[in-house]
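S.K.: Model the structure of this input:
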Amino acid sequence: MSVKLYVGNLNYSVTSNQLADLFAQYGDVEDAVVLNDRQTGRSRGFGFVTMADPEQAQEAIDKLNGQEFEGRNLIVNEARPRRDDR
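M.R.: Next up is the predicted model:
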């Protein structure tokens, strides 16, 4: 069962490919995306990584949460379900 992770406090220059490469050190990455602002196209400073194995996902959380990447300390945790209160 795959696990979706939230990755926050990203440097605005980080790409989806860089995010995938970072998490691939800890297991199989099914998907990685850095979200961009719809109007400006600029990174919003966070993204999501989907990992194939829950144990690998937990290892990535343990190793990367609080670690420096591209000049910023990452926030990594399991993604919460999206709220529909918009």
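
S.K.: Every contact and neighbour count from this point should use C-alpha atoms.
M.R.: Fine.

S.K.: Now do stretch 46-53: everything it contacts.
M.R.: When contacts are defined by C-alpha atoms under 8 Å, 6 or more residues apart in numbering, stretch 46-53 is touched by residues 1-10, 19-20, 23, 27-35, 57, 79.

S.K.: quick one, what contacts Gln18?
M.R.: With C-alpha under 8 Å, 6+ apart, Gln18 has no contacts at all.

S.K.: can you confirm it is in a helix?
M.R.: Yes: counting by DSSP: H, G, I helix; E, B strand; the rest coil, one finds Gln18 located in a helix.

S.K.: ranges for the helices of the protein?
M.R.: 16-24, 54-64 (DSSP state H).

S.K.: re the thing from before, now the contacts of stretch 46-53: which count as buried?
M.R.: Among the contacts of stretch 46-53, those scoring as buried are 3-10, 19-20, 23, 27-29, 32-35, 57 (criterion: 16 or more other C-alpha atoms under 10 Å).

S.K.: Out of those residues, name the ones that lie in strands.
M.R.: 3-8, 29, 32-35 (DSSP state E).

S.K.: Would you mind measuring from the closest residue to Glu78 other than its chain neighbours to Thr40?
M.R.: Nearest non-adjacent residue to Glu78, counting by C-alpha to C-alpha, 6 or more residues apart in numbering: Leu5, 4.4 Å away. Noted for Leu5: a distance of 25 Å to Thr40, by C-alpha to C-alpha, to the nearest Å.
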